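Asker: need a 3D model of the following:
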Amino acid sequence: MKKVLIFLAILSVISVHALFASEQDSVPPSKWKQYWKLSGIVGLKVSQVQLVNWAAGGNSTFAGVASANVTLNYKRNKIAWDTNLNTDFGVFYSSDFIAFPWRKGNDNINFGTIFGYQINPEEKKSMWYVAANGTFRSQYTRGYDFPADGTRVKTSNWLSPSYTELSVGINWKWEKLVNIYVSPFAGLVTSCTDSVLRASYGVPADKTAFPSLGMAFGAGIMYDGVKNLLILTNLQLFTPYTDPGQKFGHFNIDWNFMISYQFLKVLSVSLTTNLRYYPKVLFDEPKTKRVQFQEIFGLGVAYSF
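Answerer: Residues are numbered from 1 along each chain as shown. Predicted coordinates for the structure are as follows:
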């Protein structure tokens, strides 16, 4: 038995070596940079105030946000593959909060990947692709609301909710600046593993996920034409064809925007906004629909590439 395992291990090493050798023969290592491009910005913003016997008054506070917006692009001949991860997580502390001084500030996971085959001449600046697209949106940890009575009410959890979308459609790109995607065949799975939260996100009480088929639309802009300046914006829409809890034409909306300017090599000032509207997401009692909005402005350490 050991001899068989050793033989399989050697065979695997030889196969992998042969595979990489054949790839290196067909594409010289120096040319990989022509096909792959990694870009984005990662940063950390921290602020802290400590007060001891401070006659003017105030509260001791701490706030920290870690964020990353990273894009990996592949382009060779008629094949294009774009992947993006936009994520952040923040916490804050205030001595003014007696019951729960440590609280979550922001918490987002936005992942998307699109693979396309170009159907018009390659030399054109305006490019058309037949494409397959996948996205995933969720958060890392539990989130709470804090009523005035000093209690806390759980509003989210890991995979509660999460939104996974798979679709096929047409993707139009103008150089690397503009990207527009339309799909008449899009599947969306809304997940909620936490049974306490399912009613708030349109998931049946006896299920962990609810699938729906519908239409999807996406648009994005990435501008880095000015040195040290980066502007990113992305809009995602989805409406189901048949869903007892959401009529066709009532869209799920996700719109993210970021502008960042880097100076002194490691310092960055940035503004990030996130707007969401999900017709099946309900707030408070009685349950009502609401527009969700988040804005983050800060100065901190960042690295762009």
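Asker: for the rest of this, base every contact and every neighbour count on C-alpha atoms.
Answerer: OK.
Asker: now the chain, which segments are flagged as low pLDDT?
Answerer: When residues are selected by pLDDT under 70, those of the chain lie in 1-32, 123, 285.
Asker: where along it do the helices fall?
Answerer: Here the chain has its helices, by DSSP state H, at 2-26, 32-35.
Asker: packing partners for the shortest one?
Answerer: Put plainly, it is helix 32-35. strand 61-76 (3 or more CA pairs under 8 Å, 6 or more residues apart in numbering; DSSP states H and E).
Asker: for the strand it packs on, C-alpha coordinates in PDB please.
Answerer: This file holds the C-alpha atoms of strand 61-76, laid out as PDB (Å, rounded to 0.1, in the frame of the first residue of the first chain):
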ATOM      1  CA  THR A  61     -13.900  56.600  22.300                       C
ATOM      2  CA  PHE A  62     -12.200  54.300  19.900                       C
ATOM      3  CA  ALA A  63     -13.000  53.500  16.300                       C
ATOM      4  CA  GLY A  64     -11.300  51.400  13.800                       C
ATOM      5  CA  VAL A  65     -12.100  50.300  10.200                       C
ATOM      6  CA  ALA A  66     -10.200  47.900   8.000                       C
ATOM      7  CA  SER A  67     -11.100  47.800   4.300                       C
ATOM      8  CA  ALA A  68     -10.000  46.300   1.000                       C
ATOM      9  CA  ASN A  69     -11.200  46.800  -2.600                       C
ATOM     10  CA  VAL A  70      -9.200  44.500  -4.800                       C
ATOM     11  CA  THR A  71      -9.700  43.700  -8.500                       C
ATOM     12  CA  LEU A  72      -8.000  40.900 -10.500                       C
ATOM     13  CA  ASN A  73      -8.400  41.100 -14.300                       C
ATOM     14  CA  TYR A  74      -7.400  38.600 -17.000                       C
ATOM     15  CA  LYS A  75      -7.500  39.300 -20.700                       C
ATOM     16  CA  ARG A  76      -6.000  37.200 -23.400                       C
END
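Asker: how far off centre is that strand?
Answerer: Distance, stretch centre to chain centre, for strand 61-76: 9 Å (CA atoms, centre = their mean, to the nearest Å).
Asker: that one - contacts with which helices or strands?
Answerer: Using 3+ CA pairs under 8 Å, 6+ apart as the test, strand 61-76 ends up in contact with helix 32-35, strand 36-49, strand 79-94.
Asker: out of those, nearest to Val301?
Answerer: Comparing the helices and strands packed on strand 61-76 against Val301 with CA to CA, the closest turns out to be strand 36-49 (5.4 Å).
Asker: in its sheet, what does the closest one sit against?
Answerer: strand 61-76 (antiparallel), strand 292-304 (antiparallel) (DSSP bridges).
Asker: quick one: contacts of the last one?
Answerer: The reference is to strand 292-304. Contact with strand 292-304 is made by 39-46, 262, 265-277, as judged by CA atoms under 8 Å, 6 or more residues apart in numbering.
Asker: need the buried ones from those residues selected in PyMOL.
Answerer: Here is the PyMOL selection string for the buried members of the contacts of strand 292-304, based on 16 or more other CA atoms under 10 Å:
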select buried, resi 40+41+42+43+44+45+46+262+267+268+269+270+272+274+276+277
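Asker: how close does the nearest residue to Ser167 once chain neighbours are set aside sit to Thr193?
Answerer: Excluding the flanking residues, the one nearest Ser167 by CA to CA, 6 or more residues apart in numbering is Ala186, at 4.1 Å. As judged by CA to CA, to the nearest Å, Ala186 and Thr193 stand 22 Å apart.
Asker: what about these two, which has more around it?
Answerer: Each of Ala186 and Thr193 has its neighbours counted (other CA atoms under 10 Å); Ala186 has more, 24 against 17.
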